[in-house]
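Asks: give the three-dimensional model of this entry:
(chains A, B, C and D)
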2 protein chains.
Amino acid sequence: MGRGRIPDVAVKRLPIYLRVLTDLKEESVEIISSAELARRTGFSSEQIRKDLAYFGAFGTRGVGYRTDLLSDRIRRILGLREGVNVALVGAGNLGTALARYNLHRHKDVRITAIFDNDWDKIGKRIDDLEILPMEELPRVVRRQGIKMAILAVPAAAAQQATDFLVESGIEAILNFSPVKVDGRGQAYVQNIDLTMELQSLAYYTTGSASREKQGSHVSQ
Amino acid sequence: MGRGRIPDVAVKRLPIYLRVLTDLKEESVEIISSAELARRTGFSSEQIRKDLAYFGAFGTRGVGYRTDLLSDRIRRILGLREGVNVALVGAGNLGTALARYNLHRHKDVRITAIFDNDWDKIGKRIDDLEILPMEELPRVVRRQGIKMAILAVPAAAAQQATDFLVESGIEAILNFSPVKVDGRGQAYVQNIDLTMELQSLAYYTTGSASREKQGSHVSQ
DNA sequence: AATTGTGAAACACTTCACAGCC
DNA sequence: GGCTGTGAAGTGTTTCACAATT
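Replies: Numbers count the residues shown, from 1 in each chain, chains lettered A, B, ... in the order given. Sure, this is the predicted structure:
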């Protein structure tokens, strides 16, 4: 999982802070306190201060954080300053939607190459990006300096595709396939399984099940 | 958010166990140990036993868990036995892809109604499901006994849509909009923010930033 | 006076280790 | 003998509370 003593959960919160800071820039706010960041993100102010302190002392006591400086520091920490190129593997329904979604939006992390192994799809375009055959991947990854990939292929193809990505030098993978894939110790993998998310969500609705009979557990 | 003594993280793992159990059924495996479940899921056997024990004693000491029985119990715990109807709100690129993805696959959690407020989309179909105007939502939710919704609308519309869902009786929301939405204490909300996921993933690639720490990469 | 940065305490989750049962 | 179920120990994360700083 994580690499130093910085919790993964803290890293996951950085982009949320970044989004608020971007909004603040538009509002021309120059200084923000952890209390105000807390109000806007829903996290506690202590947690925000602690998260930021993992990476250094960016604030000024008695004053707060300079929005421009903090924004820049978070960008630097995440490695977003020069923009990050991402490969999309799998141009089915989900992959195509993810591509459109991403291409229309953010600039700091951007899909710059799309791959599939279906010859019906290869050669077609999604928003000006041509769908390339998988064989091209190692070359394109090298040429574009791509280190991240989004995986949106069927379950049966997911681990094989992952292995190919890892061999090609990919270091981080966002996996939407409905199986957990293994980065073979070479790549950090974040799995997002939509079916699973929906199934676990069902637990939080009423009237579905035997969630009464837990007898003797003591609540904190 | 969470409802009591059972950790949310444990609930999130149940669907993973369920998927393995479904595979096992196809292989006609009738009994499985926590050790074998551990091998197939990547979690530890103790964790699996503990997760299952939160809900009751489903196994047999010295033997293991009956796959059919365990599968049924997990379905019951999650409330999946009779199938769960879900409303999709927002029929843009992402919403449409999520609908197609879901409609083609699983039967236990299924999108059964799609809503949008764009008159260009209303009346059109996604795989035989007609896109309905938002005004219809309360009626349809009541008629179909819908308790869950997937939210895939633009950021600016997300909180308003959430409030409308909560008013309409929705109890759990899977939010794909690029803002955290608040269930007003009435609905459990799971936020999945794709931009955020990509940004935090960038942290785990090399050479981008001030990450002095020379740790070993370990993926989950 | 205000707000950060941070040890210490509290809490949450995971792993250990073994008693209990088949 | 083998495997579950579970208190106890260990680890990770959040919250508390306050000294340090502007």
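
Asks: gap between stretch A:61-80 and the chain center?
Replies: Stretch A:61-80 sits 19 Å away from the centroid of its parent chain (Cα atoms, centre = their mean, to the nearest Å).

Asks: what does stretch A:147-166 give?
Replies: 16 Å.

Asks: any idea of the mean pLDDT for it?
Replies: Per-residue pLDDT values over stretch A:147-166 give a mean of 97.

Asks: which parts of chain A belong to which domain?
Replies: Split into domains by automatic domain parsing, chain A comes to A:8-77, A:84-199.

Asks: and the residue most central in space within chain A, which of the three is it?
Replies: Centrality entry for chain A: nearest residue to the mean C-alpha point is A:Leu174, 6.7 Å, by Cα atoms, centre = their mean. For A:Leu174, the secondary structure call by DSSP: H, G, I helix; E, B strand; the rest coil comes out as strand.

Asks: for B:Arg66, see how far away it is.
Replies: 36 Å (Cβ to Cβ, to the nearest Å). C-betas here are computed from N, CA, C, even on glycine.

Asks: ok, residues contacting stretch A:64-81?
Replies: A:11, A:14-15, A:17-18, A:21-22, A:24-25, A:29-34, A:36-37, A:52, A:55-56, A:58-60, A:108-109, B:199-200, B:202-203, B:205, B:207-211 (Cβ atoms under 8 Å, 6 or more residues apart in numbering or on different chains).

Asks: just these that are near DNA strand D?
Replies: A:Thr60 (Cβ under 7 Å from any atom of the strand).

Asks: now, which of the contacts of stretch A:64-81 lie within strands?
Replies: A:Ile31, A:Ile32, A:Val109 (DSSP state E).

Asks: which element is A:Asp182 on?
Replies: Using DSSP states H and E, A:Asp182 sits in no helix or strand.

Asks: quick check, the helix or strand of chain A with the lowest mean pLDDT touching chain B?
Replies: For chain A, using mean pLDDT, DSSP states H and E, the weakest element among its helices and strands is helix A:93-104, scoring a mean of 90. Yes - residues of helix A:93-104 contacting chain B under Cβ under 8 Å from any Cβ of the partner chain: A:Asn93, A:Leu94, A:Thr96, A:Ala97, A:Leu98, A:Arg100, A:Tyr101, A:Asn102.

Asks: pretty sure A:Val63 sits against A:Ile31.
Replies: Yes - at 6.3 Å, A:Val63 counts as touching A:Ile31 under the criterion of Cβ atoms under 8 Å.

Asks: name the nearest residue to A:Leu165, sequence neighbours excluded.
Replies: A:Ala149 (5.2 Å; Cβ to Cβ, 6 or more residues apart in numbering or on different chains).

Asks: phi, psi of that neighbour?
Replies: Here is the backbone geometry of A:Ala149 (degrees, to the nearest 10): phi -140, psi 150.

Asks: for chain A, which helix is longest?
Replies: Using DSSP state H to define each element, chain A has its longest helix at helix A:8-26.

Asks: out of A:Val63 and A:Ile31, which sits in the more crowded spot?
Replies: Between A:Val63 and A:Ile31, counting by other Cβ atoms under 10 Å in any protein chain shown, A:Ile31 is the more crowded of the two (16 against 9).

Asks: hey, what's the more buried one bridged with?
Replies: Legend: beta-bridge partners of A:Ile31 under DSSP bridges are A:Arg66.

Asks: pLDDT wise, what is it at?
Replies: According to the model, A:Ile31 scores 98 on pLDDT.

Asks: now do A:Gly185
Replies: 89.

Asks: what do you get for A:Ile6?
Replies: In this model, A:Ile6 carries a pLDDT of 89.

Asks: A:Arg13 versus that one, what's the distance?
Replies: 11 Å.

Asks: what of A:Lys124?
Replies: Applying Cβ to Cβ to A:Lys124 and A:Arg13 gives a distance of 38 Å.

Asks: repeat for A:Leu70
Replies: Distance, A:Leu70 to A:Arg13, by Cβ to Cβ: 13 Å.

Asks: who has more neighbours, these two?
Replies: Neighbour totals were compared for A:Leu70 and A:Arg13, and A:Leu70 leads with 22 against 19 (other Cβ under 10 Å).

Asks: hmm, back to that, ok now the longest helix of chain A, how far from the chain's centre?
Replies: Helix A:8-26 sits 13 Å away from the centroid of its parent chain (Cα atoms, centre = their mean).

Asks: that helix near chain B at all?
Replies: Yes - judged by Cβ under 8 Å from any Cβ, helix A:8-26 and chain B are in contact via A:Val11, A:Lys12, A:Leu14, A:Pro15, A:Ile16, A:Leu18, A:Arg19.

Asks: so which elements touch that helix?
Replies: If you count contacts as 3 or more Cβ pairs under 8 Å, 6 or more residues apart in numbering or on different chains; DSSP states H and E, helix A:8-26 packs onto helix A:34-41, helix A:45-53, helix A:67-78, helix B:194-202.
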